[in-house]
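[1] predicted structure and sequence below. I'll ask about it afterward.
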Amino acid sequence: MILFLQSLISGVLIGGVYALIGIGLTIIFGVMRVINFAHGEIMMIGMYMTYFLFTLFGIDPFVSVLITIPLMFAFGALLQKLFINRVLGALPQNQILLTIGLGLILSNSMMLAFTSDYKILTTSYSSSSYRLAGLSVSKPLAISFLITVVITALLYWFLKKTDTGQAIRATAQDREAAQLMGINVKRMSILAFGIGASMAGTAGALISPTYYIFPQVGSAFTLKAFVITVLGGMGSVVGATLGGVIIGVVESMSAAYISSEWKDVVVFAIFLLVLLVKPSGLMGTSRT
Amino acid sequence: MAILEIKHVSKFFGGLAAVSDVSFQLEQGMIMGLIGPNGAGKTTLFNCITGYYPPSRGEIMFNGRTINGLHPDVVCKRGMVRTWQKVRPLAKMSVVDNVMVGALCRTNSLKKAREMAMEQVKVVRLEHRADFPAGGLPIGERKKLEVARVLATQPRLLLLDEVMGGLNPSESEEIIQLILDIRKLGITQMVIEHDMKAIMRISDRVVVLCSGEKLAEGAPQEIVNNPEVITAYLGSE
Amino acid sequence: MNRFSIFINRRGASPVALIAFIVIVCLLIAFPVYVGSPYARHIMILLFLSIIMGESWNIVGGYAGQYSVGHAAYFGAGAYGTMIVINASQFDADKLSELQELAKDSRLSSLLLSAHDLPPWSGIIVGMIAALILSLIIGSICFRLRGPYFVLASIAVAEIVRLTVLNLPDLTQGAEGILISTLPPFTIGSTVITTFNSKIPFYYTGLMLVLITILVTWLVQNSKAGYFFQAIREDQDAAHSLGISLTFYKNSALALSAVLTSLAGSFYAIYIKFIDPTTVLSLDLSVQIVLISIIGGIGTIFGPVVGAVVLVPLAEVLRSNLIGESLISSGMVNADSAFGNFLTENLSHAHVLIYGILVVVVILFMPDGVLGFFKALLAKKRKEAA
């Protein structure tokens, strides 16, 4: 029972960060119908940013989110303007290849600059944990979960209540209709990629106290982000949140009850199952 | 003898009936016109008949055998093939290669397929475009290519989905002549068309669909004078 | 004129192209006789490997239009099939008795024991069969999906294969990988064909495989299946309505592509003599396989060749750090300075950067690949001249 609860808690906590990565990917997909294969690499950039803010300026990783979010937003908007924008009408395969190429450039540029050595960000609380009714809860994971909840809530509010947020959602629902209604679709795309990148960057910042930081760390997270968004339904923010938590729990449960070596296999098997049985995902509407 | 029998066919999409309890049959060698306002379920019926999705209810018999649940490729091999309302050229392949793809349904030899394809390319008078990439053709020639490609599969029954849509009068006239020529080859045809004058000219019989249901069936002259059909059309305008 | 008609419509190769092709092949056959440098031969072997990978992917990706980004699975199947069998054939008595002990309750160990009884080179065939079976399983799962979903599914399946190999160390030696110090001699009957004591046998094996894959591609292109593959690529609904069985032809394209890719994997394994899941089963490898064709030009016989000719030397210049070394040896950069250090330490790790830059440039500015781009340029020049 303790093992079950323990894995459930760690699963939910890490699932919060996964959700953040998934939400970013799903917003980008929703607005532009582009699957961003560079998503994990964008997260990796966020990790390095946090690392250097910490080592050079002594800014705590959780505080640095305040700097990471705007910087990563600008970075994402730039990527959209320079590259993604030019292939919006192209074949989906070409869009995928372009983002794969961008991902390779990002990871290899980081390697060029900082080598592929693992970097570790050690804070005073990196390995400390709260004791709670016989369960141990990792302190950095718990804090990052709280921050995730706040950011997700803010994002929901933004998308539901503000005019810009509603324009983004309208664009995601029907690009042409949105354009006819006078929404500046191009601007929405830039916003969407910016938000997507800042979500990924934030996720990177939040996990940097608990993960190794190295240039190739991204691709594993890109794959995870796909699983999460497909599970939740491509384009659905609620779905991605749910998907992130589910995948977090599935991972920690299968690590506890099967073996940690096989946990990713379980995740991918679920992914394939969802693709085959309900490609529209948990919260998605079917698009045929 | 009836080449195609449609018996009480319905198709539902999430509870909504796109086609509802439609029955009629086509005799060998005839041209059947299928008309109706937009959204009447004409293309959905075509999709059911050619196997893009199975009908929710009812039965479709082709050459006396049921074809419910067969895939489009099998239906095509049995001798029934359709064109698309929105033309679908194989853009990067040449005109003759497009038609060869159809011919290869009947032969394994590329040489034979090329000969068969050239024959059909001549039938639709596109021989001057034979080596031209299909993606670069103007709309009128794309429609002709579409017809040549399905003819190359040596069909017994041809379903033409708005082959005159978007064409100018002289191009339409060419297609009408083409349809009449195809009839002379003994190929049965079912034609969806919006141009009433054209449909009345070429059809032996006409079926009218409205909101998924069969509203009327008869010779062109009967249909034109049918008060229900007139209100359906006037009401929809 | 349409670039495909150049290849498809001909009733035989155009004489100029055919002569050029034969001359190039003759030059390649003579190459090791005149160029003794092992490094040059090594580069040529890498080039051949890339061409084989690119041509193999091109059948399913370029002709049939199914962008598999999971081809590492087939490459790995070839590499692991080959290495496991060769390695098993070299077990000594101690290892065998140890295995016999283990085989009582481990099915994988008994599998290894039976691999010991196979002729060492039959591993290549084992790899081909494994790739074939894998492709049929993957095809039956993934081909129900279209476009981006197909791409994602192909990645997921390849990742499952990688993780499985990683987690079955009894059979595959897991993350440690398989290392073979000496290859068994390749014999036909009792005649020894080669003992692999220089790069020459690898060179000619690679060249032979290149010619085989080009021949297979040519045969595909000039067959009914080739037409059907392209029809499916251009518009699968239209193809379906014209009597083409999508399931059959998509799976055939994938199976053929998978078997050829497994040959590339086998060739890689025996040349390098070391494999592990990271080098032969990773997503990075799948991406590299795709890029060779994309950069050269998909759906053409010589697209992957062009792609490999562009990519391999560029990647090699970065990998071997030719730029850095020449700058330092020429005295332009001090080896002990920060920049010199940067050149020697960092640049060589980043050779994949060139793949990234090239693919971005190609997708944005040459959507038909380098080959297509230059063909269009040539056509334009001709038009202007006329």
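    Good, I have the coordinates.
[2] kindly check the end-to-end length of stretch B:122-136 for me.
    19 Å (Cα to Cα, to the nearest Å).
[3] buried set for that stretch?
    Neighbour-count burial for stretch B:122-136 flags B:123, B:124, B:126, B:129, B:130, B:132, B:133, B:134 (criterion: 16 or more other Cβ atoms under 10 Å in any protein chain shown). For every residue, glycine as well, the C-beta is placed using N, CA and C.
[4] could you do stretch C:312-322 as well?
    C:312, C:314, C:315, C:316, C:317, C:318, C:319, C:321.
[5] one more: stretch A:231-245?
    In stretch A:231-245, counting by 16+ other Cβ under 10 Å, buried: A:231-237, A:239-245.
[6] so of those, which ones are in helices?
    A:231, A:232, A:237, A:239, A:240, A:241, A:242, A:243, A:244, A:245 (DSSP state H).
[7] need the pLDDT of the third one.
    Turning to residue A:237, the model gives it a pLDDT of 87.
[8] how close does it sit to chain C?
    Per Cβ to the nearest Cβ, to the nearest Å, residue A:237 is found 19 Å from chain C.
[9] that residue touches residue A:153, doesn't it?
    No: counting by Cβ atoms under 8 Å, residue A:237 does not reach residue A:153; the two are 11.6 Å apart.
[10] so which other helices or strands are in contact with the one helix or strand residue B:49 maps to?
    Per DSSP states H and E, residue B:49 falls inside helix B:42-50. Counting contacts by 3 or more Cβ pairs under 8 Å, 6 or more residues apart in numbering or on different chains; DSSP states H and E, helix B:42-50 is packed against strand B:2-13, strand B:16-27, strand B:31-35, helix B:72-78, strand B:80-82, strand B:157-161, strand B:188-192.
[11] strand partners of the last one, parallel vs antiparallel please.
    Read that as strand B:188-192. strand B:31-35 (parallel), strand B:157-161 (parallel) (DSSP bridges).
[12] can these go into a markdown table with extra columns for mean neighbour count?
    Formatted as a markdown table, the strands paired with strand B:188-192 follow (neighbours: other Cβ atoms under 10 Å in any protein chain shown):
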| stretch | mean neighbour count |
| --- | --- |
| strand B:31-35 | 24 |
| strand B:157-161 | 24 |
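[13] mind putting those in JSON lines, mean pLDDT included?
    Shown next, in JSON lines, are those (pLDDT from 0 to 100):
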{"stretch": "strand B:31-35", "mean pLDDT": "93"}
{"stretch": "strand B:157-161", "mean pLDDT": "94"}
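[14] residue A:96 is nearest to which of those strands?
    With Cβ to Cβ as the criterion, residue A:96 lies closest to strand B:157-161 of the strands paired with strand B:188-192, at 32.4 Å.
[15] which stretches of chain B have low pLDDT?
    Flagging of chain B using pLDDT under 70 yields the residue ranges B:234-237.
[16] picking that back up, which two from the buried residues of stretch C:312-322 end up farthest apart in space?
    The largest separation in the buried residues of stretch C:312-322, counting by Cβ to Cβ, is between C:312 and C:321 at 15.7 Å.
[17] okay, how far is it across stretch C:169-188, tip to tip?
    Start-to-end, stretch C:169-188 (Cα to Cα) is 32 Å.
[18] so who does the nearest residue to residue C:162 once chain neighbours are set aside touch?
    With sequence-adjacent residues excluded and distances taken as Cβ to Cβ, 6 or more residues apart in numbering or on different chains, residue C:162 is closest to residue C:281, at 4.0 Å. Residues in contact with residue C:281 (Cβ atoms under 8 Å, 6 or more residues apart in numbering or on different chains) are C:72, C:73, C:75, C:76, C:158, C:161, C:162, C:165.
[19] max pairwise distance over the buried residues of stretch B:122-136: which two?
    Among these, B:123 and B:133 lie farthest apart (Cβ to Cβ), at 20.7 Å.
[20] picking up where we left off before, nearest to residue C:340, of the ones in helices among the buried residues of stretch A:231-245?
    Out of these, the member with the shortest distance to residue C:340 (by Cβ to Cβ) is residue A:244, at 45.3 Å.
[21] so what's the closest one up against?
    A:15, A:16, A:17, A:18, A:19, A:20, A:21, A:22, A:23, A:228, A:232.
[22] check the gap between it and residue A:105 for me.
    For residue A:244, the distance to residue A:105 equals 27 Å [Cβ to Cβ, to the nearest Å].
[23] tell me the confidence at the residue in the stretch 51-200 of chain A that chain B sits nearest to?
    Across the stretch 51-200 of chain A, the shortest distance to chain B (Cβ to the nearest Cβ) belongs to residue A:91, at 11.6 Å. As predicted, residue A:91 sits at a pLDDT of 79.
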